[in-house]
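Trainee: A predicted structure for the sequence below; I have some questions about it.
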Amino acid sequence: MTASAHVSAGDLPLAIVTGAARSLGHDISRWLLQHGWRVAMTDADGDGVKAAAAAFASEGLPTQAWQLDVSDAHAVPVVFDAIQKAMGLPEALVNNAGIYPDHVLLDMRVEDWDRVIGINLRGTFLCTQAFGRQRRDAGVHGGAIVNFASAAAFSARPGVAHYSASKAAIVMFTKSCAQELGPLGIRVNAVAPGLIEVREGQVTPEYRDAYLTMIPRGRTGRAPDISGVVGFLLSPEADFVNAECIAVDGGFLAGRSLVRAGTL
């Protein structure tokens, strides 16, 4: 979907993006704003997301910001209702908010586990439910959701049992939601990023070099690699794409098996 010079900002479709203050959520918001969407940016970091929205607004990009802890069952419907009142009925939801801490299994505290599951999985559930209810209650047909899984949903590594579990659950949650929300015309898909470097020094050179041996594409990912796929999944061109999880990993999941087989 592309903006037209003859279309006012209020007529553009609205997307809610969670975890939008920085990193992938910020880049996805920019991509959508540049391709004919209005964006409601949400993030647990209220000051950060407001600053990001203000920067976009200074560029003439139509967005507003709300502080939102996606794991808060009371706050999610309240904020979604406020977004609808301020900007109109959202047509798309990007469940980007998530955390990726390292905790070795035998030293992991219950609160570490609960926080990861709470933000990554519970948050996706709460926002999806709020979005679906808004569309249902408005009596409209259509809409699209993109959830965030991860290559870690399919390829485990030590230290992130909670993260991998949350992202594997997102894959099946996506498929279930596509079935349940299908009668409302809402498509639900997911992306599964591999190693995406969105800031300098995100990983050590040694880690990158080791990881590159498992990526047939020969490089790590960048934020636009994800934003473009998310934009596609929200677009009319993806109208017949539903209940899918698209790996955006440069072939990592395939390349990893080659490394294990000793062919690389």
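Mentor: In hand now; what should we look at?

Trainee: please count neighbours and contacts with C-alpha atoms only from this point.
Mentor: OK.

Trainee: show me where the stretch 51-200 of the chain has helices.
Mentor: Applying DSSP state H, counting those that start in this stretch to the stretch 51-200 of the chain gives helices spanning 75-87, 110-116, 123-138, 161-181.

Trainee: redo the ones you listed as JSON lines? Include distance to residue 252, mean neighbour count and mean pLDDT.
Mentor: Below are the helices of the stretch 51-200 of the chain laid out as JSON lines (distance: least, CA to CA, whole Å; neighbours: other CA atoms under 10 Å; pLDDT from 0 to 100):
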{"stretch": "helix 75-87", "distance to residue 252": "34", "mean neighbour count": "16", "mean pLDDT": "98"}
{"stretch": "helix 110-116", "distance to residue 252": "24", "mean neighbour count": "15", "mean pLDDT": "98"}
{"stretch": "helix 123-138", "distance to residue 252": "25", "mean neighbour count": "19", "mean pLDDT": "98"}
{"stretch": "helix 161-181", "distance to residue 252": "16", "mean neighbour count": "21", "mean pLDDT": "98"}
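
Trainee: could you dump those to TSV with distance to residue 11?
Mentor: Listed next are the helices of the stretch 51-200 of the chain as TSV, based on distance: least, CA to CA, whole Å:
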stretch	distance to residue 11
helix 75-87	10
helix 110-116	37
helix 123-138	17
helix 161-181	25
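
Trainee: so which of those helices is nearest residue 229?
Mentor: helix 161-181 (16.2 Å; CA to CA).

Trainee: chain center to that closest one, what's the gap?
Mentor: 13 Å (CA atoms, centre = their mean, to the nearest Å).

Trainee: other SSEs contacting it?
Mentor: Applying 3 or more CA pairs under 8 Å, 6 or more residues apart in numbering; DSSP states H and E, one finds that helix 161-181 contacts helix 110-116, strand 144-148, strand 187-193.

Trainee: okay if I get those as JSON lines plus distance to residue 206?
Mentor: Below are the helices and strands packed on helix 161-181 laid out as JSON lines (distance: least, CA to CA, whole Å):
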{"stretch": "helix 110-116", "distance to residue 206": "27"}
{"stretch": "strand 144-148", "distance to residue 206": "27"}
{"stretch": "strand 187-193", "distance to residue 206": "20"}
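
Trainee: mind checking which of the ones you listed is nearest residue 129?
Mentor: strand 144-148 (10.9 Å).

Trainee: tell me what the closest one is packed against?
Mentor: By 3+ CA pairs under 8 Å, 6+ apart, strand 144-148 packs against strand 92-95, helix 161-181, strand 187-193, helix 223-234.

Trainee: got the CA positions of it in CSV?
Mentor: Extracted C-alpha coordinates of strand 144-148, given in CSV (Å, rounded to 0.1, in the frame of the first residue of the first chain):
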residue,chain,number,x,y,z
ALA,A,144,-3.7,-8.2,9.3
ILE,A,145,-1.4,-9.1,12.2
VAL,A,146,2.3,-9.9,12.1
ASN,A,147,3.8,-11.6,15.1
PHE,A,148,7.5,-12.0,15.9
